[in-house]
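**Q** with the sequence up front, the predicted model follows.
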Amino acid sequence: MSEPQPIHLSDYRPPAYRVTRTELTFALDPAATRVKARLHLERHPEREPGLPLELDGEQLALKAIAIDGQPLGADEYTLTDSGLTVHRVPETFLLDTEVEIAPKENTALEGLYQSNGMYCTQCEAEGFRRITFYPDRPDVMATFSTTLIGDAASLPVLLSNGNPVERGELPGDRHFVTWEDPHPKPCYLFALVAGDLQKVEDRFTTMSGREVALQIWVEEENLGKTDHAMASLKRAMAWDERTYGREYDLDLFMIVAVNDFNMGAMENKGLNIFNSAAVLTHPHTATDAAFQRVEGIVAHEYFHNWSGNRVTCRDWFQLSLKEGFTVFRDQCFSADTNSAPVKRIEDVSFFRTAQFAEDAGPTAHPVRPDHYIEIGNFYTLTIYEKGAEIVRMLCNLVGWETFRRGSDLYFERFDGRAVTIEDFVGCMSEVSGQDLSRFMLWYSQAGTPEIDAHGEYDYASCEYRLVLRQRTPATPGQAEKQALHIPIRLGLVGTKSGRDLSLTLGGEALGSDAVIHLRETEQEFVFTDVSEAPVPSLLRGFSAPVKLRFPYGREDLAFLLQHDADGFNRWDAGQRLALLALDDLIAAHRNGVEKVMDPRVVEAFRGLLASDPEDKAVLAEMLTLPSEAYIAEQQPLVDVDAIHAARDFVEQSLAVALRDDFLRLYEANRSDVPYAPEPEQIAARSLKNVALSYLMALEDEQAIELSREQFAADHNMTDVRHALTLLVHSSRDDIADPALKAFGEKWAHDPLVMDQWFSIQVTRPQPDVLERVKFLMGHPAFSLKNPNKVRALIGAFAGQNRVNFHRLDGEGYRLLADVVIELNRLNPEIAARLITPLTRWQRFDETRQALMKGELERIRAEELSPNVYEVVEKALA
Ligand code: ARG
Ligand code: ZN
């Protein structure tokens, strides 16, 4: 087998022929679906005449082909594994093809497949080529007409993009519906759904007064779980009108929930297809976090209608053009709808853990990569989340109002077109008059910039000198890095007053909270008229996606934790303080020395617990210790056992010292009011549950009783799941086992709850957990073919159960590799993603490195999909 070859951004050329209109007819059948395609083609004006027509196509059985009504002879075209070439074609012509495909054999979940008996599609990025022969690239935009034919009894609902224009009966108890989508679109936005579905319907009146029908299609048993998604959709539609002036552009907007889905959801024009986990909620089956996730994803996919669909990407190297911008949009929406500081804290703590790790590993890539083997591997935290951080920096650089004008210009100028990141940034530069050429390096340079900062206060001159040095570590294929333009928001907090001091830089008064611009490798900033010695509060709100080091003493951090005017940095000061203490404890554990808790951390927490919180949700975040994964990120070499032991020790010490405070906090935030996914309730629940976690660190009778009670009260899934997790992760199997059993039996019929049941068990710290993972893989509710199950069981074990996955006998690694090898055949996209924890081998001790590499090599010896091949090659390079 020949090795898969990379494709390069620098090789981009417009297509030789473009499609202006696409007419599709599907005769649906599980083993033999017939797809007829009529494509209206014309030569691209920028390409030379006489070129062959090249179409993508995979796993298609060609049954007929004709140009302008004339069937082609066998010597007039060439068929390969990856497509079809017609040697000679006119300048303008009609191409008719008919192919046969087998949706029920499709376990990759790309193209047309079946999920729980219903038909659905996933075409982004390159799934449409598994449906019909086509120029499967985003810069080919056509209007679509789609006719679906199916069995009337088993497939009563037939959906596609746009509006239904015709329907009728057919012989043989079949029926058809024809859909017309008037908006030209690339084929990755094509979708169809067919099945026995029920709908929940609502309406939205747009700002110009048009009525839009909103439909959520689900299987009958899920009819009671759509309220939150529908409410979220309406909020998102109104928000996009208010915030970006963007109105919806069809009469109908549909969401469909499917059980088998590789990702969260997909923004197909007028017909968004969702992983059921990203749309269905009910107080008894979904946690607060799940409710918030659904809200964010519904909004994300809806926002794509403009940032992605009306204006799309020229090629897949520009993926972050739509994803980075749209994630930024959904983050702002969620911030406006919930607690804004908590939203930022959650996003940043996830980003600093997972994206930083990606950017430091062997699969690190720029936000706009310049080559790839398999685009399916590039739906990453870098493209999405780092892309969103770049857009956020742009917005902060030019200011919201100018950013909005830039966004208006972008949507107006490029409506209906497929464009590049330069086009987007160009609009921002045009409206702001700013030169953003150095800023563009953020898109081309991989790796997390590191900033070393130090500062000095001069009492005599009342000057504060801040020196910043930046450096971006080498990443694969990029040894040398240039200095980036890094906006750093900061304040100087007076040590006497505890207040933000006013900032004067180069004679200019900047107020008390300002942005300074680091553009060189090293720069000095001298603040004058600083009336008292300050502690600097740097990178407020995480104003740039960088690692910033400053030699804070623990007193400084305790001070910032109390006084920083920026809520985000107040939280971060607490995290930094805890990390310093954890560092000592990790060292103590490694050296076999007795662990001693830093009293300053205890006092800081006591202070937090005594304060009257203005925002309970923020307080809950402040009381939460950095995760094992984030602690690991800070260590030069990861010692999983020491990190686990140190974190446990801090948790227990805090619980011992502050037991009564936690108990009071728990009691004060209990409530019997009916569940609602509202910010205030969510905040109280998280605070209560954080308190319960600390209490359970003691595992005394009272804590166990509280957890038991909370579980048994069965008030809502957030509380039930939290209590069950604490019990299952405790040493009290006598209590945990019956609870787990009861829960599993009660929810055996609900796949989304069973996913949670799997995850709770396989993240427990007890050493027998690997055996349990293997056992659960044989559970009737588990299936390797369902990505949610794989994530809930295998993904949660490998990604969240650090002590057990990294077992020194290598059994955790072996288990993961076995699953990857099996999934490589079934679902390459999921298989490739699952490898991630093994790709981080460089971060561990030699023994573990050898074991992890051994498993990667074992995978490499298999016959691999391009997806898995690319990841394994990079990991072992
Ligand atoms: N565009 C979709 C979203 O952001 C994700 C599609 C991912 N598809 C894939 N094959 N990886 O919501
Ligand atoms: Zn997206």
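**A** Arrived safely. Ligands and ions are numbered 1, 2, ... in the order given.
**Q** what sits against the closest residue to residue 327 other than its chain neighbours?
**A** With C-beta to C-beta, 6 or more residues apart in numbering as the criterion, residue 327 has its nearest non-adjacent residue at 3.8 Å, and that residue is residue 388. Every C-beta, even on glycine, is put in place using the N, C-alpha and C of the backbone. By C-beta atoms under 8 Å, 6 or more residues apart in numbering, the contact set of residue 388 is 323, 324, 325, 327, 328, 331.
**Q** can I assume the second one sits in a helix?
**A** The one in question is residue 324. Yes. Under DSSP: H, G, I helix; E, B strand; the rest coil, residue 324 falls within a helix.
**Q** hang on, the earlier thing: compare the contacts of residue 388 and tell me which has the most neighbours.
**A** Most neighbours among the contacts of residue 388, by other C-beta atoms under 10 Å: residue 324, with 28 neighbours.
**Q** wait, that one touches residue 387, no?
**A** Yes. Between residue 324 and residue 387 a contact is recorded at 2.3 Å, counting by C-beta atoms under 8 Å.
**Q** and stretch 87-98, how far apart are its ends?
**A** End-to-end distance for stretch 87-98, by C-alpha to C-alpha, to the nearest Å: 19 Å.
**Q** any idea how far that stretch is from the chain center?
**A** Distance of stretch 87-98 from the chain centroid (C-alpha atoms, centre = their mean, to the nearest Å) equals 40 Å.
**Q** can you tell me which residues in this structure are near ligand 1?
**A** Proximity of the chain to ligand 1, by C-beta under 6 Å from any ligand atom, involves residues 124-125, 262-267, 300-301, 323, 376, 379, 829.
**Q** so, low pLDDT: which residues of this structure?
**A** Low-confidence segments of the chain, defined by pLDDT under 70, span residues 1.
**Q** quick check: longest helix of it.
**A** helix 567-591 (DSSP state H).
**Q** ok now do residue 559, which residues does it touch?
**A** Contacts were defined as C-beta under 8 Å, 6+ apart; by that measure residue 559 touches 493, 495, 498, 535.
**Q** again, only using 6 Å
**A** Contact analysis of residue 559 by C-beta atoms under 6 Å, 6 or more residues apart in numbering lists residue 535.
**Q** ditto for residue 442
**A** Here residue 442 is in contact with residue 390 (criterion: C-beta under 6 Å, 6+ apart).
**Q** distance of residue 453 relative to ligand 2?
**A** Distance, residue 453 to ligand 2, by C-beta to the ion, to the nearest Å: 34 Å.
**Q** enumerate the residues of the protein near ligand 2.
**A** 323, 326 (C-beta under 5 Å from the ion).
**Q** helices of the stretch 501-650 of the chain, residue ranges please.
**A** Shown for the stretch 501-650 of the chain, the helices assigned by DSSP state H, counting those that start in this stretch span residues 554-563, 567-591, 599-610, 616-622, 628-634, 640-657.
**Q** what about the second one, distance to the chain center?
**A** Meaning helix 567-591. That offset, for helix 567-591, works out to 27 Å (C-alpha atoms, centre = their mean).
**Q** repeat that for stretch 355-365.
**A** Mean-position distance between stretch 355-365 and its chain equals 15 Å (C-alpha atoms, centre = their mean).
**Q** list the contacts of it.
**A** 381-382, 385-386, 446-448, 475, 633, 839-840, 874-875.
**Q** which pair of the residues you listed spans the longest distance?
**A** 385 and 875 (21.1 Å; C-beta to C-beta).
**Q** before we move on, back to that, which of the helices of the stretch 501-650 of the chain has the highest mean neighbour count?
**A** Burial of the helices of the stretch 501-650 of the chain is given as mean neighbour count (mean count of other C-beta atoms under 10 Å); helix 616-622 ranks first at a mean of 23.
**Q** and the host helix or strand of residue 213, how far from the chain's centre?
**A** Assigned by DSSP states H and E, residue 213 falls within strand 211-218. Centre-to-centre, strand 211-218 and its host chain are 25 Å apart (C-alpha atoms, centre = their mean).
**Q** check which element follows that strand along the chain.
**A** Proceeding N to C from strand 211-218, the next assigned helix or strand is helix 227-244, under DSSP H and E.
**Q** got the contacts of residue 388 as a markdown table, with distance to residue 166 columns?
**A** Formatted as a markdown table, those follow (distance: C-beta to C-beta, whole Å):
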| residue | distance to residue 166 |
| --- | --- |
| 323 | 35 |
| 324 | 39 |
| 325 | 36 |
| 327 | 38 |
| 328 | 40 |
| 331 | 41 |
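**Q** so which of those residues is the closest to ligand 1?
**A** Ligand 1 lies nearest to residue 323 out of the contacts of residue 388, by C-beta to the nearest ligand atom, at 5.6 Å.
**Q** OK, contacts around the closest one?
**A** Residues in contact with residue 323, defined by C-beta under 6 Å, 6+ apart, are 383, 384, 387.
**Q** now flag whichever of those is closest to ligand 2.
**A** Distance ranking of those against ligand 2, using C-beta to the ion, places residue 384 first at 7.1 Å.
**Q** for ligand 2, give me its nearest residue in the stretch 501-650 of the chain.
**A** Proximity of the stretch 501-650 of the chain to ligand 2 (C-beta to the ion) peaks at residue 545, 18.5 Å away.
**Q** measure the closest residue to that residue other than its chain neighbours to ligand 1 for me?
**A** Counting by C-beta to C-beta, 6+ apart, residue 389 is the residue found nearest to residue 545 once chain neighbours are left out, at 4.1 Å. Look at residue 389 and ligand 1: by C-beta to the nearest ligand atom, to the nearest Å, they are 16 Å apart.
**Q** tell me the helix or strand right after whichever strand or helix holds residue 389.
**A** If you go by DSSP H and E, residue 389 is part of helix 387-398. For helix 387-398, the following helix or strand on the C-terminal side (DSSP H and E) is helix 400-413.
**Q** from the chain's centre, how far out does that next one sit?
**A** Using C-alpha atoms, centre = their mean, the offset of helix 400-413 from its chain centre is 25 Å.
**Q** run through who's touching that helix.
**A** With C-beta under 6 Å, 6+ apart, helix 400-413 has contacts from 306, 395, 424, 427, 428, 431, 432.
**Q** how many other residues sit next to the closest residue to residue 257 other than its chain neighbours?
**A** Closest residue to residue 257 apart from its sequence neighbours, by C-beta to C-beta, 6+ apart: residue 276 at 4.3 Å. Residue 276 has 21 neighbouring residues, counting by other C-beta under 10 Å.
**Q** for the one 4 residues further on, same thing?
**A** Per other C-beta under 10 Å, the neighbour tally for residue 280 reads 26.
**Q** so the residue nearest to residue 257 makes contact with residue 259?
**A** Yes. Taking C-beta atoms under 6 Å as the definition, residue 276 is a contact partner of residue 259 at 5.2 Å.
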